[in-house]
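[1] here is a sequence with its predicted model. Questions after.
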Amino acid sequence: MDDQQFKELQAELRQLKERVAILENQVESSAADTGRLQTRVKSSRRPETKPVDRKRSILPDGISEEKLAGTWFNRLGILAIMLAVAFFLKWSFDNHLIGELGRIVIGLVLGLVFLGTGEYFQRKNYHIYGQGFTGGGIAILYFSIFSAFNFYHLISQPVAFALMVLITLAASLLAVRYDSPAVGIIGIVGGFATPFLLNNGESNRVVLFTYIAILDAGVLLVAYFKKWLVFNYLTFLFTYMSFFAGFRSSPIWHNYQTFDGISFSFLTLFFIIYLVVSYTRNLRLKETFVWADISLILLNAVIYFVFSYELLNRHFEDWIGFWAIFLGLIYLLMGMFIYRRFAGTRNLSLTLLVVAAGFITIAAPLQFDGYWISIAWAVEAVIIFYLNLKIKPAKVPLAGFIIMVLTIISLFTYPFEISGKEFWIFLNKAAVAYISVIIAMTIIVYLYYRQTRNSVTRLNRILLLGLQIALNLLIIIFLTREINAYYDYRWHLARLGQQFRLQNSQDLIISIVWGLHAAVLVVLGFWRRLKGIRWFGLGFLGVVIFKVFLYDLSNLTTPYRILSFMGLGIILLAVSWLYHRYKNQIKGE
């Protein structure tokens, strides 16, 4: 072995020793870590300590001392100063202490000082404290501009409205910039309070309603960027309260000869603004609609219709129902448009559909009378079921069920009579109404069956069976009332001897019609494999048997009694044959 090979072996030996030393160090480190971990596990249970007794706060939960004194005192202090400014302007006006221009200048300067103070505290990170000054400054500016125009006539109407637009824009932008609903609320409360705090007894609806519209434009601007539900609801409440106050104080309120087009136009403008406010941000950002959004849509529709009905009914009483239909169609078209254009807005679409159904339901008794109401509601129920099942198939069409119940109830509120002009059977007003409702219910049963036939939900099966039973009961009631009305008309025209024969004929026809209807239900149950309908037909056939054996047997004369039992026997044999013929189908169910 030469020297070169010997040196290589020494180098490899050193490397092996170093590796062994590293491995030994790692083993010792792992053992030490394991020991420390066991020690930590053993000592992880902390010694029990007695709970520290803390004094309960005298304030309600959710309200801290800092929030009470730092936030609410700030808001109340700003409100007090705002009221002081308003009272000062009115007091100085009543006592002629300061010139008109001087009063306005003082108000403007004070408002700008408040805005500057609010901005100063915002920059110093005293956000909540600064918000109070900002909101108060906006309200004081509203006071000053409104007073300069409406009371002192120092500026023209275009100038006043331009300044108010600027103030509203500034308030909206500052509220969004500071991300502060409080700034918006304080400013808007001051803005809405201005016309009433500085009221001098004069009534000017155009000025008041235009002023409110400007404020609402600011609300719409804020709603585009922020979802502040409290802010939206407060401004909504103040808007319609201000409208009602201006509407009632107008001389035209007691004048039924002149249509109040000004109030109606501004009312419609307010309605459109809050209709847009309700869902503009949700659609823009594809946000989920909450119940607060949906409630605002419903309240806006209800209040607008109440006020518009008061304005229109005085002059268009004969056509007021078509106004409700017009509003219903608007909501219906909006619901379908939003459903098709914006994904994930089914709750909003259903809400608009409910509002549309409500308007159309109200329209029927406003515009029509008698059985026309039932026909109109029946058509509406079909439309509601169709749209509900199309938009949200999994949701039970509650509105459709309610309208259908109202439709059936309305049928029984009017007498089922046949007059000389309507002698032909099934061609009288009552029969046409019943047939229309029956056709509507048949369509609804088909729609619901087609949509839920693959559903295993017990509720859907129960509702479908309930609809089918209600439909057949309505058919039975209609046929019975039609027969009774026909024979009642014949009975009043007949002589005494003929009346007895008519009574026998009437009872016989009812028994035969009932039996045939029961047989048709059994056949339909076999044909369409509808077990529930088949059992309902059997149950009703039992009613027919009971009537024939107890009532007809005692009250019919012999010829009519023979026909009654003969007809029943044929029907029973036919049903029995069906069960023998299709018994395998029954066993396979």
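    Cool, got the structure. Numbers count the residues shown, from 1 in each chain.
[2] from here on, contacts and neighbour counts on C-alpha atoms
    Fine.
[3] so which helix or strand of the chain has the lowest pLDDT on average?
    Ranked by mean pLDDT, DSSP states H and E, the weakest helix or strand in the chain is helix 65-66, scoring a mean of 54.
[4] any chance you could map the strands in the stretch 401-550 of the chain?
    Using DSSP state E, counting those that start in this stretch, the stretch 401-550 of the chain contains no strands.
[5] helix or strand right after the least confident helix or strand of the chain?
    Following helix 65-66 in sequence order, the next helix or strand is helix 73-95 (DSSP states H and E).
[6] packing partners of that following helix?
    If you count contacts as 3 or more CA pairs under 8 Å, 6 or more residues apart in numbering; DSSP states H and E, helix 73-95 packs onto helix 100-123, helix 127-150, helix 181-197.
[7] now do the domain split for the protein, please.
    69-202, 225-364, 368-493, 501-589 (automatic domain parsing).
[8] mind checking the pLDDT average for the third one?
    Which is domain 368-493. On average, the pLDDT along domain 368-493 is 83.
[9] with the second one instead?
    Confidence over domain 225-364, taken as the mean pLDDT, stands at 83.
[10] measure it end to end?
    Its first and final residues considered, domain 225-364 spans 40 Å by CA to CA, to the nearest Å.
[11] okay, and the residue nearest the centre of the chain sits in which element?
    With distances taken as CA atoms, centre = their mean, Thr351 lies nearest the centre of the chain, 4.3 Å away. Assigned by DSSP H and E, Thr351 falls within helix 346-367.
[12] report all helices and strands that the helix or strand following that helix contacts.
    Counting by DSSP H and E, the next helix or strand C-terminal to helix 346-367 is helix 371-391. Helix 371-391 sits against helix 346-367, helix 398-411, helix 429-452, with contacts defined as 3+ CA pairs under 8 Å, 6+ apart.
[13] tabulate those helices (TSV), appending distance to Leu101.
    Listed next are these as TSV, based on distance: least, CA to CA, whole Å:
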stretch	distance to Leu101
helix 346-367	50
helix 398-411	60
helix 429-452	71
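[14] buried deepest among the ones you listed, which one?
    helix 346-367 (a mean of 22; mean count of other CA atoms under 10 Å).
[15] what's that one packed up against?
    Using 3+ CA pairs under 8 Å, 6+ apart, helix 346-367 sits against helix 291-312, helix 320-341, helix 371-391, helix 398-411.
[16] so which of these is nearest Gly77?
    With respect to Gly77, and counting by CA to CA, the nearest of the helices and strands packed on helix 346-367 is helix 291-312 at 30.5 Å.
[17] and the closest one, C-alpha only, in PDB?
    Extracted in PDB, the C-alpha atoms of helix 291-312 (Å, rounded to 0.1, in the frame of the first residue of the first chain):
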ATOM      1  CA  TRP A 291     -85.300  39.900   5.600                       C
ATOM      2  CA  ALA A 292     -84.700  43.600   6.300                       C
ATOM      3  CA  ASP A 293     -84.300  44.200   2.500                       C
ATOM      4  CA  ILE A 294     -87.400  42.300   1.700                       C
ATOM      5  CA  SER A 295     -89.400  44.000   4.400                       C
ATOM      6  CA  LEU A 296     -88.500  47.400   3.000                       C
ATOM      7  CA  ILE A 297     -89.800  46.300  -0.400                       C
ATOM      8  CA  LEU A 298     -93.100  45.200   1.100                       C
ATOM      9  CA  LEU A 299     -93.500  48.300   3.200                       C
ATOM     10  CA  ASN A 300     -92.800  50.600   0.300                       C
ATOM     11  CA  ALA A 301     -95.400  48.800  -1.900                       C
ATOM     12  CA  VAL A 302     -98.100  48.900   0.800                       C
ATOM     13  CA  ILE A 303     -97.600  52.600   1.800                       C
ATOM     14  CA  TYR A 304     -97.400  53.700  -1.800                       C
ATOM     15  CA  PHE A 305    -100.600  51.900  -2.700                       C
ATOM     16  CA  VAL A 306    -102.400  53.300   0.400                       C
ATOM     17  CA  PHE A 307    -101.500  56.900  -0.400                       C
ATOM     18  CA  SER A 308    -102.100  56.600  -4.200                       C
ATOM     19  CA  TYR A 309    -105.500  54.900  -3.500                       C
ATOM     20  CA  GLU A 310    -106.500  58.000  -1.400                       C
ATOM     21  CA  LEU A 311    -105.400  60.300  -4.200                       C
ATOM     22  CA  LEU A 312    -106.900  58.400  -7.200                       C
END
